[in-house]
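In: A structural model of the following input is requested.
(chains A and B)
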Amino acid sequence: MSPLLQIDNLETILHTGATPVRAVDGITLQILQGETFALLGESGCGKSMTALSIMRLLPEAGEIVAGSIKIGGEDLLLLPEAAMRNVRGKRISMIFQEPMLSLNPVMTVAEQIGEVLQRHFNLRGAAQQQRVLELLNQVGIPDAERRMTEYPFQFSGGMKQRVMIAMALAGEPELLIADEPTTALDVTIQAQVLELMRGLQKRSNMAILLITHDLGVVAEMAQRVAVMYAGEIVETATREDFFRSPAHPYSRKLFAALPGRAKRRQGLGLEMISGNVPPLSQEFVGCRFADRCDHAWDLCRTTAPGWSMVVTGHQVRCHLFNPDCSFGSKRWDLPESVRPELVEGLGFTVRVVRQAHHERANEQSGFNQDAGSMIHSSSNSVKAAEIAPQGISAAQSAAFNSELLRVTDLKVYFPIHKGLMKRVIGYVKAVDGVSLTIARGKTLALVGESGCGKTTVGKSILQLITPTAGSVRYDGLELVGLERKQLREKRAEFQIIFQDPYSSLNPRMRIIDIIEEGMNALNVRGKAGRAEHQPSLPAGKEVDALLQRVGLPPETKWRYPHEFSGGQRQRIAIARALAVNPRLLICDEPTSALDVSVQAQILNLLKELQASLGLAYLFITHNISVVEYFADEVAVMYLGRIVEWGSVDEVLGNPKHPYTQALLSAVPVIELNPKREVIRLHGDLPSPANPPAGCHFHPRCPHAMPVCHETYPGTSSFSSTHTARCYLYPQQQNSSTLQPEGAETIA
Amino acid sequence: MSMLFKPVILWTDALIYLLVMVVLAFVWYVRRNEHMLAPWRRVGHSASGMAALTVLVFFIAIGLLDTVHFRPAVENSGNSEKVYSVEVLSLLDVIAEPLRTRVEKTYSAPFAAHLYARETIELPDGGQIREFPRLQFGGAHLQNPAAQLAADVTWRAAAGAGLGVLVWCVLVVLLSALLARRDNERFLPTLSAIRRGATEIPWNAVLVTLVLILSLLGAALALSTHYHIFGTDKVGQDVFYQSLKSIRTGLVIGTLTTLMMLPFALLLGIMAGYFRGWVDDVIQYIYTTLSSIPGVLLIAAAVLMMQVYMETHPELFDTIAARADLRLLFLCIILGVTSWTGLCRLLRGETLKLREMEYIQAAHAFGVSHWRIISRHILPNVMHIVLIATVMDFSGLVLAEAVLSYVGVGVDPSMISFGTMINAARLEMAREPMVWWALLSAFSFMFTLVLSANLFADAVQDAFDPRVRTWPLKAGKLQRTGRGEDPETKPVAAAVKDSSSP
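Out: Presented below is the predicted three-dimensional model:
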């Protein structure tokens, strides 16, 4: 069977600066009719440039210098631009990462889809409208007839991506290129979109080139996988082979860098890939991965490896697999050495989810065991912290089990103004009565979809946003309503790390100025790095010590932020927060802007800091696997309220609230036999300006009952630490606050 | 004892001296701080920027020479007490003495030996003829202008240009020797490095600009002793001299107005964006109101009021120059007060964006005071906007001065400026034969000044914006590694790689 798309030795160069950047350096791949082919890799590997080369939509500086791209035997690189316009949208369509940016805001949805139809099928008038309606129904837009005349801003993110897919499908393409189609979406929406793409592919038998960095998405969608690294493909395999036994050291590292509960229970740090993707503007001599590879030997640095066959259909570019290589003794015996660690590590998520749905009751005892072992390991970490060289004083460790932060009934409302006089006509209830506690040295994860108010909770705890009502008690001191000056005295105790390391460092300040800013403002000089009982460091040395603590060489303090990569910037942001000796760190999605391997570096660092400095974390995230690896307790948030609360094993292993269940089931799972049942949630997160009456979740809930429409449910307790707010479970009398009575007991 | 002159410090002189001192102090401060020096080094690496700076240096030098004012002593035989002239002169006036004093009757074209208008001349025999009379000074040394003029002009121009090139050669030798001594190199390799453009600062671009300027300047100086190289105006004054005098007026209007405007724009714009709420409302109301009043009306009203005040209080000014100068200063203030709204609006918008940036939130989390957040985080991040707006305004202000002079509310009529020159030339553009040289010379001086200011500001902006400089500089680094210079530019990634495992 001849392939639909055949790329041979494609080379694309970007002319930026004096040295050309080899964004795509000789890649060869085939995609068959009706197949999903995943291109996997970290940012900066050339995935998107490959896609743009296929469409011939490269930026001005880009140039294809060699190779051929054949679709159905026709070489696209030889076509004139006019003929290429018949290919784009007709034979090959593309959907982009950011649905908010890829639709024209001043055209209605129907007009935008109609453009494609008119261009490729010369459909006009009523026939065009009919087809647009069909397409929108096909991608599952409810009430399509009314919504087709609306503008993009009236659609939510997930709906916009559906519109993008409808537009891509309008030309009935043979190949759909999906460039990170779900990266900007929440997991529940991601599950909807992925399922839609699978269904459409089955019906129309088109091929999909899926570009992603998410192993979970690959496992759910792909039939074949290619791993890209530094401009070239280093491994191709079928999905089964790839997930059973990834061959290339880079692929194996990617798997090992994934956080998850299994790794936490083993007490292991995450595998890290040291360093970064090398800049593509250089000439490569040996293997591109050699500098970051644990198995590299001399040959790797001098000779670029060719393709070696692992099994039929599974090829890898690595000397370890070259049978002719004189270092054959180094060759791994794959099935034995790879499988145990990987399967145990990766299969775990699968088990959790399945248990959640099918074997909940039977497995209960097993989970208690899990919890027991976790307690054991955490008490170990307490000991480790005590004996750590810069450890915690006896007094502190005595107070270790008490609560550090107690938030009660926190409310943050943003007024909506309207009219000439800016009359307040309503409130966006971003946070609507949240209560939580964090114990010293513990991690509470706040989980939820975007727009549910997680970040607002974090900022209002720090009093960066003034809460409308409620109380925030830090170590017994009420923070709400404190004067700016009084508050400033406590500022050193709690700090924040932001999501985007590119906007959280002032580009015009040197690293030393950035780190010293907090120290100067709060007058904490000489105490950096918990060195209270040590002779204070001479001035200027604190910054060195802090940089070393976060794994950066001290010389870097004279540089500006733009000279660092994302992971390094995040380390600097952590050093800045540590500079004032906080006891509570609010981490607002600290790894979501980073690649998997860099995420592992940061998580390991945070974990190590927790062990040695006794920090407490409020970890705000939407990434369930990070929560599994990192958190002690989990609070699940939906539309400004916490719907479920408990220890990490209770909530993730035995979710009670229908929303938690749906959220967990929607997380893509690395699993070979996709038999799990995804609980599909209908629709999107409602607007917090106008939340549904009764339980906020009832419009999307599969178990909704009449009572759910009327009043918000009270608290139901399942154990001393595990609570949820849902009418499915017996309600407690005292249901005003969702406060686990014994939040400290697991500590 | 008495002196031959009495120094005079006019208001704008004082402000210019202040500006020069601030700039010098800033230079001294920057030189001591390596991290502040680094972006200026990058300015030094830009060829167009350095060429523009070379041109600017000449303009600024002329402007500064024209700023040192004094009143010369007048010969007074009968009295032992020195009497000083009421005329205020500047160093430039002294240097350009011949240009200033050799006044013809009326218009004459560039390099002409005759007036531009016929006059009735009485012949010795009593008859009258109408012809173009010879100029009193321009080409006066020629016996037969029709035959000799072209050759004489060419020869003098060539000689002057040759002298300029000679001076340039001396400068090149001096520069090479200096660089060679600094780098412990021999002379010739340094010279060839300059020629190839392999030096850190693009000296070749500077030197090319310099040879152009010096040869033009040499030719102009050589010719201007015997000709009016840009012609003369209605009252016979040399247009070249007027153009030189206009430079100071232009620089004063361009720089002092910006100085007047910046405090308003910076303070109010950043405050509005940073504090939001009622502060924002008040500031917005102020600038919306101000910008909806026609600027020319406001300026005209203010200038006329001041004019009336000056005329009713002549005792306040001991010279005409002092009066003209105060009027210039007042014009700068008025222009500054009315022109801050545009920049203020830009800064408010940018601050609104910046205050939501996470690094500002982080600073709030550290309890950093509002004043420090504004001065350390917001101000440096809006400086590129200020710089661009300032330079854009510079040319705009020079033009505004011309427009206001046309309406009659600009600088004092006794003060020479590009505006008054253009205004005077405007009247003559309609006549036949056309008088074109005054406009052309004002235009070309203004154009060169504004263009070089723009180019230099471009280079400064590129060097100071860290986001812009990543790409081209990285590329530049890779190219230059062969020469093994600049150890600081080693990518951080390499340095960090080994230590990235905690």
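In: centre-most residue in the chain?
Out: No chain was given, so I picked chain A. A:Ser592 (4.5 Å; Cα atoms, centre = their mean).
In: the intended chain is chain B.
Out: B:Leu251 (4.2 Å).
In: if we can go back for a sec, relative to B:Arg102, how far out is the residue nearest to the centre of chain A?
Out: According to Cβ to Cβ, to the nearest Å, A:Ser592 stands 77 Å off from B:Arg102. Every C-beta, even on glycine, is put in place using the N, C-alpha and C of the backbone.
In: any stretches of the chain with poor pLDDT?
Out: All of this refers to chain A. A:1, A:17-18, A:261, A:266-268, A:324-401, A:525-540, A:671-676, A:733-747 (pLDDT under 70).
In: nope, chain B
Out: Using pLDDT under 70, chain B drops low at B:1-3, B:35, B:76-81, B:465-502.
In: picking up where we left off before, which residue is the nearest non-sequential neighbour of the residue nearest to the centre of chain B?
Out: B:Gly63 (4.3 Å; Cβ to Cβ, 6 or more residues apart in numbering or on different chains).
In: please tell me how far the one you found sits from chain A.
Out: 32 Å (Cβ to the nearest Cβ, to the nearest Å).
In: how many other residues sit next to that residue?
Out: 21 (other Cβ atoms under 10 Å in any protein chain shown).
In: isn't A:Arg473 right up against A:Thr408?
Out: Yes. In this structure A:Arg473 lies within contact range of A:Thr408 using Cβ atoms under 8 Å: 7.4 Å.
In: what residues are shared contacts of those two?
Out: Shared contacts of A:Arg473 and A:Thr408, defined by Cβ atoms under 8 Å, 6 or more residues apart in numbering or on different chains, are absent.
In: now do the contacts for the residue nearest to the centre of chain A.
Out: A:Gln499, A:Thr621, A:His622, A:Asn623.
In: give the full set of residues in contact with the residue nearest to B:Leu251.
Out: B:Ile16, B:Ile247, B:Arg248, B:Leu251, B:Val252.
In: now for these, which pair is the farthest apart?
Out: B:Ile16 and B:Ile247 (12.6 Å; Cβ to Cβ).
In: before we move on, which element is the residue lying closest to B:Val450 once chain neighbours are set aside in?
Out: Counting by Cβ to Cβ, 6+ apart, B:Val450 lies nearest to B:Ser395, which is 4.1 Å off, once chain neighbours are set aside. Using DSSP states H and E, B:Ser395 maps to helix B:379-407.
In: what helices or strands is that helix leaning on?
Out: Packed against helix B:379-407, as judged by 3 or more Cβ pairs under 8 Å, 6 or more residues apart in numbering or on different chains; DSSP states H and E, are the following elements: helix B:239-275, helix B:295-312, helix B:320-355, helix B:418-429, helix B:437-464.
In: what's the most buried one of those helices?
Out: helix B:239-275 (a mean of 23; mean count of other Cβ atoms under 10 Å in any protein chain shown).
In: could you tell me the phi and psi values at A:Phe619?
Out: Per-residue torsions, A:Phe619: phi -100, psi 110 (degrees, to the nearest 10).
In: shouldn't it be in contact with A:Lys442?
Out: No. Using Cβ under 8 Å, A:Phe619 is not in contact with A:Lys442, being 10.4 Å away.
In: between these two, which is the more surrounded one?
Out: Neighbour totals were compared for A:Phe619 and A:Lys442, and A:Phe619 leads with 28 against 25 (other Cβ under 10 Å).
In: so how far is the helix holding B:Ser395 from its chain's centroid?
Out: 12 Å (Cα atoms, centre = their mean, to the nearest Å).
In: do stretch A:298-310 as well
Out: On Cα atoms, centre = their mean, the centre of stretch A:298-310 falls 33 Å from the chain's centre.
In: what about that stretch, near chain B?
Out: No. For stretch A:298-310 and chain B, the contact criterion (Cβ under 8 Å from any Cβ of the partner chain) is not met; the two come no nearer than 14.6 Å.
In: list the buried ones in that stretch?
Out: A:Leu299, A:Cys300, A:Pro305, A:Ser308, A:Val310 (16 or more other Cβ atoms under 10 Å in any protein chain shown).
In: hang on, the earlier thing: can you mark which positions in the host helix or strand of the residue nearest to B:Leu251 are buried?
Out: Per DSSP H and E, B:Gly63 falls inside helix B:47-65. Neighbour-count burial for helix B:47-65 flags B:47-56, B:58-60, B:62-65 (criterion: 16+ other Cβ under 10 Å).
In: okay, the angle between that helix and helix B:437-464?
Out: Angle between the axes of helix B:47-65 and helix B:437-464 is 120 degrees (criterion: axes from the mean of the first three to the mean of the last three Cα atoms, to 10 degrees).
In: what's the following helix or strand after the top helix by length along chain B?
Out: Taking DSSP state H as the criterion, chain B has its longest helix at helix B:145-183. Later in the chain than helix B:145-183, the nearest helix or strand by DSSP H and E is helix B:187-196.
In: for that following helix, packing partners?
Out: Using 3+ Cβ pairs under 8 Å, 6+ apart: helix B:187-196 touches helix B:145-183, helix B:203-224.
In: return the most buried member of those helices.
Out: Most buried among the helices and strands packed on helix B:187-196, counting by mean count of other Cβ under 10 Å: helix B:203-224, with a mean of 19.
In: quick check: angle from that one to helix B:47-65?
Out: 40 degrees.
In: please state the offset of helix B:203-224 from the chain centre?
Out: Counting by Cα atoms, centre = their mean, helix B:203-224 comes out at 18 Å from the chain centroid.
In: give me the residues contacting the longest strand along chain B.
Out: Criterion DSSP state E: the longest strand present in chain B is strand B:69-74. With contact meaning Cβ under 8 Å, 6+ apart, strand B:69-74 is reached by B:2-10, B:13, B:82-90, B:319, B:321.
In: which positions in the stretch 301-450 of chain B make contact with chain A?
Out: Within the stretch 301-450 of chain B, the positions lying close to chain A (Cβ under 8 Å from any Cβ) are B:357-359, B:361-369, B:372, B:376-377, B:380-381.
In: list the contacts for residue 449?
Out: Chain wasn't specified; assuming chain A. With Cβ under 8 Å, 6+ apart, A:Glu449 has these contacts: A:Asp186, A:Val187, A:Thr188, A:Ile189, A:His622, A:Tyr638, A:Leu663, A:Leu685.
In: try again with chain B
Out: Residues in contact with B:Leu449 (Cβ under 8 Å, 6+ apart) are B:Leu56, B:Phe59, B:Ile247, B:Gly250, B:Val398.
In: just give me the closest of those to B:Leu171.
Out: Set against B:Leu171, the nearest of the contacts of B:Leu449 by Cβ to Cβ is B:Leu56 (17.5 Å).
In: do you know how far that closest one is from A:Val310?
Out: In terms of Cβ to Cβ, B:Leu56 sits 67 Å off from A:Val310.
In: again, but for A:His696
Out: In terms of Cβ to Cβ, A:His696 sits 50 Å off from A:Val310.
In: got it, and A:Lys411?
Out: In terms of Cβ to Cβ, A:Lys411 sits 58 Å off from A:Val310.
In: now A:Asn604: which helix or strand?
Out: Using DSSP H and E, A:Asn604 maps to helix A:596-613.
In: name the helices or strands packed onto that helix?
Out: By 3+ Cβ pairs under 8 Å, 6+ apart, helix A:596-613 packs against helix A:249-257, helix A:360-387, helix A:566-578, helix A:624-630.
In: please report phi then psi for the closest residue in space to B:Val239 that isn't next to it in sequence.
Out: Nearest non-adjacent residue to B:Val239, counting by Cβ to Cβ, 6+ apart: B:Phe230, 3.9 Å away. In terms of degrees, to the nearest 10, the main-chain angles of B:Phe230 are phi -110, psi 20.
In: you'd agree B:Phe230 is up against B:Asp238?
Out: Yes. B:Phe230 is within contact range of B:Asp238, at 7.3 Å (criterion: Cβ under 8 Å).
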